[in-house]
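Undergrad: Sequence plus the predicted model coming up.
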Amino acid sequence: MHANVGDLLIIHGHVVGHGDRKAEIVEVRGPDGTPPYLVRYDDGHEQLVYPGPDSFVEPAEHQ
């Protein structure tokens, strides 16, 4: 997995009724864009994550 600051981390929900979670990557702490990532959720909560196989990175649209 490879990411840049500003990309979105999408984490698929595991429980029926719980949708996917999206978080903005605010810091990449691994070498060459690899995990762990410091992410910020829509509610402002920040968390250090090591994404699993249920996650993927959606690149930010750069102008």
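TA: Thanks, I have it.
Undergrad: Could you pull up the residues touching residue 13?
TA: Residues in contact with residue 13 (CB atoms under 8 Å, 6 or more residues apart in numbering) are 19, 20, 21. From N, CA and C alone the C-beta is placed, and that goes for glycine too.
Undergrad: Show me what the residue minimising distance to the centre of the chain bridges to in the sheet.
TA: Computing the C-alpha centroid of the chain and ranking residues by CA atoms, centre = their mean puts residue 9 first, at 2.3 Å. Counting by DSSP bridges, residue 9 is bridged to residue 23, residue 57.
Undergrad: Kindly indicate which of the contacts of residue 13 lies nearest residue 3.
TA: residue 21 (15.4 Å; CB to CB).
Undergrad: unless I'm mixing things up, that closest one is touching residue 15, no?
TA: No: Residue 21 is beyond contact range of residue 15, at 11.5 Å (criterion: CB atoms under 8 Å).
Undergrad: burial measure for residue 11, as a count.
TA: 17 (other CB atoms under 10 Å).
Undergrad: do the same with residue 36
TA: Counted with other CB under 10 Å, residues neighbouring residue 36 total 14.
Undergrad: cool, residue 28 as well?
TA: When neighbours are defined as other CB under 10 Å, residue 28 has 18 of them.
Undergrad: so what's residue 36 up against?
TA: 29, 30, 48, 49, 50.
Undergrad: Equivalent analysis for residue 10, please.
TA: Per CB under 8 Å, 6+ apart, neighbours of residue 10: 20, 21, 22, 55, 56, 57, 58.
Undergrad: can you check residue 58 too?
TA: Contacts of residue 58 (CB under 8 Å, 6+ apart): 7, 8, 9, 10.
Undergrad: how about 6 Å then?
TA: Applying CB atoms under 6 Å, 6 or more residues apart in numbering, one finds that residue 58 lies in contact with 8, 10.
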